[in-house]
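1. pasting a predicted model and its sequence here:
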Amino acid sequence: MSKEETDDLFEKVETLSAKLKDAVSDASTKKYNKEEFSFLLQLILKEYPELKGSVFQVPINNLIESECEQQGLIGLSAVELEMLWL
């Protein structure tokens, strides 16, 4: 992978991270149920297919978990987190 491709991926990860943080906060404020919350996350992750299966997928899942904890949302299991990427 070229430096340019790597830089592009890092930029996408940063953008995705910000979107996910906003989504978790919004879901918490609006009291989304687990199904609604999962659907919201799926829609966001679908915008970044190049990150699926990449070295960034696990850290992104970890970010979702930690944001859920911080916002007091029901966490998603490891299997549920993987299913978000399908």
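-> Great, that's in hand. Residues are numbered from 1 along each chain as shown.

2. just the buried positions in stretch 66-83, please.
-> Under the neighbour-count criterion of 16 or more other CB atoms under 10 Å, stretch 66-83 has E67, C68, L73, L76, L81 buried. Using the backbone N, CA and C atoms, a C-beta is placed for each residue, glycine as well.

3. what of stretch 12-25?
-> K12, V13, L16, S17, L20, K21, A23, V24.

4. what sits against the fifth one?
-> Spelled out, that is L20. Contacts for L20 (CB atoms under 8 Å, 6 or more residues apart in numbering) come out as L41, I44, I60, L63, I64, E67.

5. which stretch of helix or strand covers it?
-> Assigned by DSSP states H and E, L20 belongs to helix 3-29.

6. now that helix, how far from the chain's geometric center?
-> Relative to its chain's centre, helix 3-29 lies at 8 Å (CA atoms, centre = their mean, to the nearest Å).

7. ok so, going back, just the closest of the buried residues of stretch 12-25 to E50, please.
-> For the buried residues of stretch 12-25, the closest approach to E50 (CB to CB) belongs to K12, at 7.0 Å.

8. so the closest one makes contact with L51?
-> Yes: in this structure, K12 is within contact of L51 by CB atoms under 8 Å, at 6.5 Å.
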